[in-house]
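Student: coords please:
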Amino acid sequence: MYAKLKNLSRPEFLRAVIFWALRKMTGVQIHDVFAKSLGHDTRDNQESIGRVLPLFKFYRSQSLLDPIVEDQLNEHSGASCRELIAQGCHVYYALDGSKVAVQLNILYGKTTVDSPIDLLFSLAPGVAFLNYLYTRPECRGLGLANHLMAFACSEERQMGIHKCLAHVRSTNHASQRAFNKAGWKRRGRIVTTRGGNLLGTQGCASLGLNIRKPLSS
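Tutor: Numbering: from 1, shown residues only. Take a look at the predicted model:
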């Protein structure tokens, strides 16, 4: 009970309530764009994974996966892992035994996303986009998402990426808090409507992210 009351008093929760009311009254939905500079070496974070969470193994997909793992990843990747790998994207994940505990995708260049609506993202060279961060319900609360993000950022930095972006629903206070706790900064905003219109992309261009609706939309 105390933990629930504590969560209700957090700034992220109060902010989420305000944006929930805005969406309910106007149909306008807002996604915050978070940015993480990869200018410093994050290997210390990567090494801490083994000490803090010895039962979990962290991976970056570079080729076709074990069918059992692949099927699990496909459920929460937005597309099949085979398609993502063929497009040059990376899928990061941690295993709890043979089960995927947490996962995320890293996208580059010109790519499409389906949240909050169908959008075409154009990312500048050296900029990557983190998408489809998902933690299995029974593995939540262990800090796995933060550790996987740190692992992914360390790997991406070694491949020449200097900045990673992600968008988070303004009403998702848990994810907002997770990104804040992991050192990501809220730098931009994507404003859309539930009817599928794109209203604004404040601050995104300066981050190396240009956004428009696909021509087919």
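Student: now the helices: where do they sit in the chain?
Tutor: For the chain, the helices defined by DSSP state H occupy 2-8, 11-26, 43-52, 67-74, 81-86, 144-158, 173-181.
Student: looking at the ones you listed, which is buried most?
Tutor: Among those, helix 144-158 has the highest mean neighbour count (mean count of other Cβ atoms under 10 Å), at a mean of 22. (C-beta placed from N, C-alpha, C; glycine too.)
Student: Packing partners of that helix?
Tutor: With contacts taken as 3 or more Cβ pairs under 8 Å, 6 or more residues apart in numbering; DSSP states H and E, helix 144-158 sits against helix 43-52, strand 56-60, strand 90-96, strand 99-107, strand 127-135, strand 163-169, helix 173-181.
Student: if we can go back for a sec, between the helices of the chain, which one is closest to residue 194.
Tutor: helix 11-26 (7.4 Å; Cβ to Cβ).
Student: and the closest one, what does it pack onto?
Tutor: Using 3+ Cβ pairs under 8 Å, 6+ apart: helix 11-26 touches strand 28-37, helix 173-181.
Student: picking that back up, a markdown table please, covering the helices and strands packed on helix 144-158 and showing distance to residue 83 and mean pLDDT.
Tutor: Formatted as a markdown table, the helices and strands packed on helix 144-158 follow (distance: least, Cβ to Cβ, whole Å; pLDDT from 0 to 100):
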| stretch | distance to residue 83 | mean pLDDT |
| --- | --- | --- |
| helix 43-52 | 27 | 46 |
| strand 56-60 | 17 | 72 |
| strand 90-96 | 11 | 90 |
| strand 99-107 | 11 | 93 |
| strand 127-135 | 13 | 96 |
| strand 163-169 | 20 | 97 |
| helix 173-181 | 25 | 89 |
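Student: of all the ones you listed, which lies closest to residue 16?
Tutor: helix 173-181 (3.9 Å).
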